[in-house]
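Participant: Give me the fold of what follows.
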Amino acid sequence: MTPQIYRPVYHHWFYKHTVSGESTWTPFSMPDSLALEEAFTSTDLSPETIVATDGNRYDVNVLRRERYAVYWEAAPSEVRRCSWFSKTNIDSKFIPYEENVAALLEEEYRIAFERNEWNRFVTIPNSETVLFQGPDTLVRLPPSPVTDNWGSTSSSPAHYGVLKRTMDEFDIDEGEPAEIDHLFFVVHGIGPWCDFKFRSVQEVVDDFRSIALKLMSSHFHSSRACNRVEILPISWHESVHSEETGVDQLLRNITLESIPRLRDFTNNTLLDILFYTTHIYSQAIITSVSTDLNRLYHLFQLRNPTFKGDVSLIGHSLGSLILFDILSHEIAHSEDDMTPQVVERILDEEEEDLVPELKPMNKKTLSRRISNMLLEAGAQPAKLIYPHLNFHPSALYALGSPIGVFMTVRGLDTFGPDFALPTCSYFYNVFHPYDPVAYRIEPLINQELTSLKPATVPHHMGRKRMHLEIRETFQKMGANIKERVVGSVVSAFRRFYPGIIEGSMEATEEEVVNSSAPESGRESGTSTPGKEDPNLSFGILNAGNRIDYALQESPLEVINEYIFAVGSHLCYWNSEDTVLFILTKTYEGMGISPSSPSQE
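Facilitator: This next block holds a predicted model:
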């Protein structure tokens, strides 16, 4: 029998991930762990040794064992070089031991293995006892009872467990492609939290990015030209609710003591809408978002010098309005032409354009060159300063957006077909049909589009949801039956009453048939893009294409739309349909179309 050979334990790097107060140890991707291990074992290791991880969004100081966020503010997370793991009968996951404990366990394991001496007890620094019953049978025993000065012993519940010195229990990510095709910036809506789990914009964007990576693998894998997209969050809530503004303390001073949780929720979230309608706080928000967009874009370029792709913006709720206002005040000039003389001339022209604002807004059609009237018409008496962006975004995606109602409240009852964002070629208004915050945009472009239902966002698995297809099928069947019945009645009248005026009868038939036939998209609330009346004009805001897109409600949501209304406003962060829609529109500009998973 060939003796077994001892092999040193494999080390993999983990980081401590904390969400909602709960911490879990998450393994780095395989490429990141190998890069960290290479840096750790290098002869050039120093206190300044930094390794970029997680798609270049984090830096790890190898000696300090700390992981830092690059693009946003966050507390550093602990990093650990792991080899031994334990799980008790109350744990759901294996937890890595501290490095010094793991080193002790490995040394004792090596001795037992080389001497073939098993059933070996090892006491580790945290008073736990480990039993090495065999090479693959490692048991964790509960701590020994502690006797105090009075002779009594502690009676804490005993928790047995198992040990592992392999990575079999972990799903190791293969890592993200190094090359980036497109960059997205995401701006959140009201409040510091983005969903019912009270997660920040950084946390929900992590999920959004993970969904994008999964869909890239499932729907764009056949195209070797596709790599990945990068999605970075922009947070502006602190610009209003910081200690410098003092607004939170002022709100606490005037807030009633009753129903404190509801009042705190109102102060932290709903009041952001009012803040944005005031000059001082609106200016703070605009400046914060614009400055962060430019700062992160510059930082992204420094860390990704080979990036040649475009940039798009995604705004949720109030965040979409903020981005819309910023882009409305951009100057349609190339970056190479922006000399100081040109900037001064453009600003002088904008000052002259402010004169018509004193006149009432009465169905004015805004031209392609946007003036500051868009924000200030009937809404704000003073002019805001809009820092210009250092890049021209290719598209703006508004998710659950109140842009339509804000424009109406500001006194703009129509944009007109010539309205466009000066430096942004495409604009998409995406919403859940039950979202109480979302409003349409197309009727503001052309009032004839009011009766046209929003376009349908395809399901990520292809086609429409089954319950919607069944409903549409029954609608078409009913319309066909009604048409046949009406046709039979008309034929009978013609046979028995030939004296009836032919033209009048045909008009009556057409009227009855049209009244019985379902309007396209009326019941489902959506229509199919590309099947609209070719004579309808969608303007140039989205390059002549559809603007309003509605997600497909799930079968459970159809039961009662009021119950799911609030949740529908927060559904976009985990919506595969939303993410795939954005990816599809993005890669269409590169001449790449997605394929269904069955075709992969």
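Participant: C-alpha only now, for contacts and for neighbours.
Facilitator: Noted.
Participant: Tell me where the stretch 401-550 of the chain has helices.
Facilitator: Using DSSP state H, counting those that start in this stretch, the helices of the stretch 401-550 of the chain run over residues 403-409, 442-445, 466-496, 502-516.
Participant: Remind me what the first one packs against, helices and strands.
Facilitator: It refers to helix 403-409. Contact here means 3 or more CA pairs under 8 Å, 6 or more residues apart in numbering; DSSP states H and E; on that basis helix 403-409 packs against helix 318-328.
Participant: Which residues outside the helix it packs on are in contact with it?
Facilitator: By CA atoms under 8 Å, 6 or more residues apart in numbering, the residues outside helix 318-328 that reach it are 187-190, 273, 285-286, 290, 313-315, 370-372, 374-375, 386, 388, 396-399, 401-403, 421-424.
Participant: where do the strands sit along the stretch 501-600 of the chain?
Facilitator: For the stretch 501-600 of the chain, the strands defined by DSSP state E, counting those that start in this stretch occupy 548-550.
Participant: Confidence-wise, which of the helices of the stretch 401-550 of the chain is weakest overall?
Facilitator: Per-segment mean pLDDT for the helices of the stretch 401-550 of the chain reaches its minimum on helix 502-516, at a mean of 52.
Participant: what does stretch 277-294 rub up against?
Facilitator: Residues contacting stretch 277-294 (CA under 8 Å, 6+ apart): 185, 187, 234-237, 239-240, 275-276, 322, 326, 379-380, 382, 384-391.
Participant: Can you get me a residue count around the nearest residue to Gly539 once chain neighbours are set aside?
Facilitator: The shortest distance from Gly539 to any non-neighbouring residue, by CA to CA, 6 or more residues apart in numbering, is to Pro417 (3.8 Å). Here the count is done by other CA atoms under 10 Å, and Pro417 has 20 residues near it.
Participant: phi, psi of Pro417?
Facilitator: When read as degrees, to the nearest 10, the backbone of Pro417 gives phi -70, psi -20.
Participant: contacting residues for it?
Facilitator: With contacts defined as CA under 8 Å, 6+ apart, Pro417 is in contact with 365, 445-446, 537-541.
Participant: of these, closest to Lys87?
Facilitator: Distance to Lys87 across the contacts of Pro417 (CA to CA) is lowest for Leu541, with 56.5 Å.
Participant: ok so, going back, among the contacts of Pro417, who's most crowded?
Facilitator: Most crowded among these, counting by other CA under 10 Å, is Leu541 at 26 neighbours.
Participant: Check what pLDDT that one gets.
Facilitator: pLDDT at Leu541 comes out at 97.
Participant: try the one 4 residues further on
Facilitator: The predicted local distance difference test score for Asn545 is 96.
Participant: quick one: it from Met407, how far?
Facilitator: Asn545 sits 21 Å away from Met407 when distances are taken as CA to CA, to the nearest Å.
Participant: Same question for Leu270.
Facilitator: In terms of CA to CA, Leu270 sits 19 Å off from Met407.
Participant: Then Asn268?
Facilitator: From Asn268 over to Met407 (counting by CA to CA), the distance is 24 Å.
Participant: now swap in Val187 and tell me
Facilitator: From Val187 across to Met407, the span is 19 Å (CA to CA).
Participant: Looking at these two, which one has more neighbours?
Facilitator: Set side by side, Val187 and Met407 show more neighbours around Val187, with 26 against 20, by other CA under 10 Å.
Participant: My guess is the more buried one contacts Ile234. True?
Facilitator: Yes: using CA atoms under 8 Å, Val187 is in contact with Ile234, at 4.9 Å.
Participant: what do the two both touch?
Facilitator: 201, 289.
Participant: what's the average pLDDT for the helix or strand harbouring Leu302?
Facilitator: Here Leu302 sits within helix 279-303, counting by DSSP states H and E. What helix 279-303 shows for mean pLDDT is 97.
Participant: Buried residues, that helix. List them.
Facilitator: 281-294, 296-297, 300 (16 or more other CA atoms under 10 Å).
Participant: ok and it relative to helix 318-328, angle-wise?
Facilitator: 80 degrees (axes from the mean of the first three to the mean of the last three CA atoms, to 10 degrees).
Participant: Low-confidence regions, the stretch 301-450 of the chain specifically.
Facilitator: Along the stretch 301-450 of the chain, the model assigns pLDDT under 70 to residues 333-382.
Participant: Okay, strands next: where are they in it?
Facilitator: Going by DSSP E, counting those that start in this stretch, the stretch 301-450 of the chain shows strands at 310-316, 395-399, 426-431.
Participant: Give me the residues contacting the longest one.
Facilitator: Outside strand 310-316, the residues that touch it by CA under 8 Å, 6+ apart are 181-189, 320-323, 391-401.
Participant: And it, how far out from the chain middle?
Facilitator: Mean-position distance between strand 310-316 and its chain equals 10 Å (CA atoms, centre = their mean, to the nearest Å).
Participant: likewise stretch 28-43?
Facilitator: Worked out by CA atoms, centre = their mean, stretch 28-43 lies 30 Å from the chain centre.
Participant: Give the buried residues for that stretch.
Facilitator: Quick answer for stretch 28-43 (16+ other CA under 10 Å): 28-29, 31-33, 36-37, 39-40.
Participant: now stretch 163-173
Facilitator: Applying 16+ other CA under 10 Å to stretch 163-173 flags 163-167, 172 as buried.
Participant: what does the helix or strand encompassing Glu107 rub up against?
Facilitator: In this structure, Glu107 is located in helix 99-115 according to DSSP H and E. With contact meaning CA under 8 Å, 6+ apart, helix 99-115 is reached by 5-6, 9, 80-84, 117-118, 120, 122, 124-125, 132, 135.
Participant: Only the buried subset of these, as a ChimeraX command please.
Facilitator: Selecting only the buried entries of these in ChimeraX, with 16+ other CA under 10 Å as the criterion:
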select :9,80,81,82,83,84,118,132
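Participant: Now, the contacts of helix 99-115 that are in strands?
Facilitator: Residues of the contacts of helix 99-115 located in strands (DSSP state E): 80-82, 120, 122, 132.
Participant: On the three-state scheme, the residue lying closest to Leu232 once chain neighbours are set aside is what?
Facilitator: In this structure, Leu232 finds its nearest non-sequential neighbour in Phe185, 5.0 Å apart by CA to CA, 6+ apart. Three-state assignment for Phe185 (DSSP: H, G, I helix; E, B strand; the rest coil): strand.
Participant: List the residues that contact Phe185.
Facilitator: By CA under 8 Å, 6+ apart, the neighbours of Phe185 are 231-234, 293, 311-314.
Participant: again, but for Arg261
Facilitator: Applying CA under 8 Å, 6+ apart, no residues qualify as near Arg261.
Participant: helix or strand right after the helix or strand it falls within?
Facilitator: Assigning secondary structure by DSSP H and E places Arg261 in helix 260-265. The helix or strand immediately downstream of helix 260-265 is helix 271-276, counting by DSSP H and E.
Participant: Go through that following helix and flag the buried ones.
Facilitator: 272, 275-276.
Participant: Tell me where the model's unsure across the stretch 51-200 of the chain.
Facilitator: Residue ranges of the stretch 51-200 of the chain with pLDDT under 70: 143-159.
Participant: same thing but at 90, please
Facilitator: Within the stretch 51-200 of the chain, the ranges that satisfy pLDDT under 90 run 88-93, 124-128, 136-137, 140-162, 166, 168-169, 196-198.
Participant: can I get the contacts of Pro417 in JSON lines with distance to Glu108?
Facilitator: JSON lines is the format used below for the contacts of Pro417 (distance: CA to CA, whole Å):
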{"residue": "Thr365", "distance to Glu108": "80"}
{"residue": "Ile445", "distance to Glu108": "75"}
{"residue": "Asn446", "distance to Glu108": "77"}
{"residue": "Ser537", "distance to Glu108": "77"}
{"residue": "Phe538", "distance to Glu108": "74"}
{"residue": "Gly539", "distance to Glu108": "74"}
{"residue": "Ile540", "distance to Glu108": "72"}
{"residue": "Leu541", "distance to Glu108": "69"}
